[in-house]
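Asks: Make a model of this:
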Amino acid sequence: MARRVTFSRNLTLSLSRTCRCYCKYCAFATHRAHLHEPEEVERILDGARRHRAKELLVLTGEAPDHHPGVRKRLLELGFEDFTGYAAWACEQALERGLLPHTNLGVLSREDLARLREVTASQGLMLESVNPDLIAHQGSPTKHPEQRLATIRAAGELKIPFTSGILVGIGESEADRMASLEALAGFDHVQEVILQNFVPHRRYYGEEPAEIATEAAEGYWRTGIGDVPEHERPDWASEVTIADMKRLVAEARRLMPDVGIQIPPNLADWWPELVRAGATDLGGLSANGDHISPEHPFPSPTQVRTRLAAEGFALSERLCVYPQYIDETWQAPRVLEVIRSRHPSFVPRRREGLLAPGTVERARDGEELTPEELTALFSDTRPEVAEDMRQAADALRAELAGELVTFVVNRNINVSNVCTVGCSFCGFGVSKRSPDAYEHDRDDFVRRVNEAVAYGATEICMQSGIHPDWGLEDYLGWLRLAKETAPGIHMHAYSPMEIAHMCDISGLPPAEVFARLRDAGLDSTPGTAAEVLHDGVRERISPNKLPVSRWVEIIEASHRSGLRSTVTVMFGHIEQPSELAEHMRVVRALQRRTGGFTEFVPLSFIPFQTLLGRTQGVREISREENLRHTAAFRLALGRSIPSLQASWVKMGIDAATEALRWGVNDLGGTLMEESISRMAGSQHGVRLDPDDLVGAAHRAGRPAAERTTLYEIRRRYELGRLAA
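Replies: Numbers count the residues shown, from 1 in each chain. Take a look at the predicted model:
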């Protein structure tokens with residue numbers, strides 16, 4: 001599985017910089033009265049949409065209302081204390097769809113509880129367990145026991161929490177390791193920040209927030225930053241990249257399930273720390289780092305480009321990690337905002353457990369009810385997953401036997417120009433994109449000839465929805481393929497492309513298929529199905545054809561005498577009940593036409609797609625992929641005998657294991673594969689027949705090369721050469 005690095009797209013509100021502490025490293029705090037007025041708070045919040053922020057980071061000094069001037073102004077505004085004012089600001093954020101994350105310093109249990117009602121998460125840096133640091137002299141609330149007490153109280157209140165250590169403020173190596181150990185073992189700590197101290201100048205008479213915003217806007221606009229360097233104070237300790245790598249490793253050892261965050265604006269070594277195991281870059285705040293105002297965060301685009309060169313994928317997250325998005329950890333008001341405004345970040349719901357006998361009924365080919373299908377995709381109990389595996393494997397053996405099949409084919413994506421704009425796609429681009437391409441006739445003929453020379457019996461041809469193509473262009477590619485290789489099977493044009501042909505020609509699907517058949521079309525890919533539920537389709541691709549149109553196109557294909565495959569794309573934002581509806585539609589359509597040759601589950605690849613980058617969708621785990629594979633086999637019953645594993649999506653090792661979970665077919669050799677590759681798949685673009693035969697044999701099964709329509713061409717028995 002590819003490494004994913006996360007960040008939060010946030011906006012910072014320094015609600016008050018008034019502080020009762022005198023930390024020697026801090027340029028943020030002031031000991032004068034400072035408070036953002038309500039009008040200013042609302043102005044900042046209203047600007048969040050321009051920055052596409054999802055999080056409001058609320059920063060303050062320690063106990064601002066210890067200052068008489070701040071207390072007086074709060075009372076004038078109608079607030080009894082500063083926590084009440086912070087809660088009001090969080091309420092304003094929630095109304096705008098922003099999720100508040102507060103960092104207000106040491107707080108009482110009561111204040112933590114008040115803020116819990118209006119925050120998605122909270123935070124407090126532990127900094128260090130050494131109580132005698134010179135840097136903390138005159139700062140009573142920096143005593144480690146006080147800070148640990150706040151962290152413990154937050155855990156008792158079920159508040160998702162961020163903490164961390166500050167490195168380079170005079171502590172020893174042993175202090176650093178002891179500080180990490182003090183943070184280990186809390187079930188509410190979702191991430192730990194490893195922050196290196198950077199010396200600052202003082203900002204007397206200046207507003208750090210304004211300096212930070214100006215620096216961030218300039219850096220994001222131009223990519224050019226001018227970060228000042230200041231001499232390290234005598235009380236500070238040196239921090240090296242080796243020190244930080246050791247901390248990353250120790251944090252990973254102590255807290256393997258906790259996010260390890262490193263600030264990407266305080267040193268150029270952050271890519272090296274990502275390679276060492278850091279998982280998160282924190283909030284890439286559009287209005288800068290108010291604590292280190294002359295050190296702007298890089299923009300998400302700048303970070304993504306840098307990480308891509310290292311082989312990592314950058315993905316957004318919310319300020320609250322997915323495992324804390326439920327009724328246990330979130331107040332009702334906050335959970336409502338998460339679910340209504342940021343639904344794709346919410347983990348899939350588990351919508352019921354399988355009733356006794358359901359798996360056995362599915363194994364016998366019986367059609368399950370919508371509720372039973374939903375439970376089939378919901379139940380994650382290990383013993384149930386094993387029951388499903390055994391049942392799916394038995395059903396496979398009954399319907400398809402022991403033979404593992406594959407087709408020698410080549411993918412040709414004639415053009416990647418597309419007008420649809422699916423959020424799950426990393427392939428399609430606009431006509432004006434520098435990455436846009438369109439094969440010419442000579443290049444197309446070369447690719448077809450290469451496929452024939454390789455031994456391919458099938459060309460699988462799909463493209464984006466090109467704004468300049470007419471029906472004759474689609475017919476022309478088929479004719480050219482058949483002129484070049486008369487015997488090749490043309491498995492071409494998704495239902496989305498067919499619907500587009502109908503729209504631009506004004507012809508009904510039956511007439512379009514008649515013309516395509518005359519031009520050389522032999523079968524239809526059942527792609528563009530995604531999830532056959534209009535609610536899902538509207539969320540991930542509102543410009544895509546609706547379910548009824550997809551069904552109409554496929555039915556027309558079958559009526560014209562053309563067989564098709566049928567796919568499902570799972571592991572993104574769909575819910576179990578929506579997958580259940582997909583399977584109901586597929587079985588009903590197969591009952592009417594009998595035209596499906598195979599069912600192809602396609603797990604979602606998030607890394608280079610809009611849905612993965614901006615909606616926090618993770619790659620589905622191998623275990624979940626296999627469990628879904630068995631569920632698809634059982635949901636199909638006896639309606640479609642062949643179930644395919646997509647090695648390009650899940651990898652050849654997982655595809656081999658899938659042969660124990662209901663799969664009988666390993667798909668095609670592909671030769672070139674663009675759609676999954678552009679989405680960020682790490683599993684290559686081509687396999688040779690020997691690779692697929694080897695996978696089948698490793699699973700203890702004989703293999704065979706087939707045609708697109710499942711005629712056997714060549715057998716590879718266990719321990720024997722091709723027969």
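
Asks: which residues touch the spatially most central residue of the chain?
Replies: For the chain, Val617 is the residue whose C-alpha lies nearest the centre (Cα atoms, centre = their mean; 2.4 Å). Residues in contact with Val617 (Cβ atoms under 8 Å, 6 or more residues apart in numbering) are 315, 344, 572-573, 604, 606, 611. All C-beta atoms are positioned from the backbone trio N, CA, C, and that covers glycine.

Asks: now do His67
Replies: By Cβ under 8 Å, 6+ apart, His67 lies in contact with 18, 20, 31-33.

Asks: Try it again at 6 Å.
Replies: 18, 33 (Cβ atoms under 6 Å, 6 or more residues apart in numbering).

Asks: Now do the phi/psi pair for it.
Replies: The phi/psi pair for His67 (degrees, to the nearest 10) reads phi -80, psi 130.

Asks: one step back: can I get the contacts of Val617 in CSV including pLDDT and neighbour count?
Replies: Output for the contacts of Val617, formatted as CSV (pLDDT from 0 to 100; neighbours: other Cβ atoms under 10 Å):
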residue, pLDDT, neighbour count
Ser315, 89, 23
Ser344, 83, 16
His572, 89, 26
Ile573, 85, 21
Phe604, 89, 22
Pro606, 76, 26
Leu611, 77, 23
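
Asks: Strands - which of the residues you listed land there?
Replies: Of the contacts of Val617, the ones assigned to strands by DSSP state E are Ser315.

Asks: Of the contacts of Val617, just say which sits nearest to Leu335.
Replies: For these, the closest approach to Leu335 (Cβ to Cβ) belongs to Ser344, at 15.1 Å.

Asks: Ignoring the adjacent residues along the chain, who's closest to the closest one?
Replies: In this structure, Ser344 finds its nearest non-sequential neighbour in Gln615, 3.8 Å apart by Cβ to Cβ, 6 or more residues apart in numbering.

Asks: Touching, that neighbour and His342? I think so.
Replies: No: at 8.1 Å, Gln615 does not count as touching His342 under the criterion of Cβ atoms under 6 Å.

Asks: more neighbours, the two?
Replies: Gln615 (22 against 19; other Cβ atoms under 10 Å).

Asks: Quick one: the helices in the stretch 301-450 of the chain, in order.
Replies: Remark: helices assigned in the stretch 301-450 of the chain by DSSP state H, counting those that start in this stretch are 332-341, 358-363, 370-378, 382-400, 441-454.

Asks: Which helix or strand lies directly C-terminal to the last one?
Replies: Using DSSP states H and E, the helix or strand that follows helix 441-454 in sequence is strand 458-461.

Asks: In terms of secondary structure, what does that next one contact?
Replies: strand 409-412, strand 489-492 (3 or more Cβ pairs under 6 Å, 6 or more residues apart in numbering; DSSP states H and E).

Asks: tell me, which of those is the model least confident about?
Replies: Ranked on mean pLDDT, the bottom entry among those is strand 409-412, at a mean of 95.

Asks: Need the three-state assignment for Thr162.
Replies: Classification of Thr162 by DSSP: H, G, I helix; E, B strand; the rest coil places it in strand.

Asks: Equivalent analysis for the one 3 residues further on, please.
Replies: Assigned with three-state DSSP, Ile165 falls in the strand class.

Asks: Tell me which stretches of the stretch 201-350 of the chain form strands.
Replies: Assigned by DSSP state E, counting those that start in this stretch, the strands in the stretch 201-350 of the chain fall at 259-261, 280-283, 313-317.

Asks: Please apply the same query to the stretch 601-723 of the chain.
Replies: In the stretch 601-723 of the chain, the strands defined using DSSP E, counting those that start in this stretch lie at 665-668, 703-706, 712-716.

Asks: among these, which is the most enclosed?
Replies: Burial of those is given as mean neighbour count (mean count of other Cβ atoms under 10 Å); strand 665-668 ranks first at a mean of 26.

Asks: Which residues does it contact?
Replies: Counting by Cβ under 6 Å, 6+ apart, 405-407, 409, 642, 644-646, 655, 692 sit against strand 665-668.
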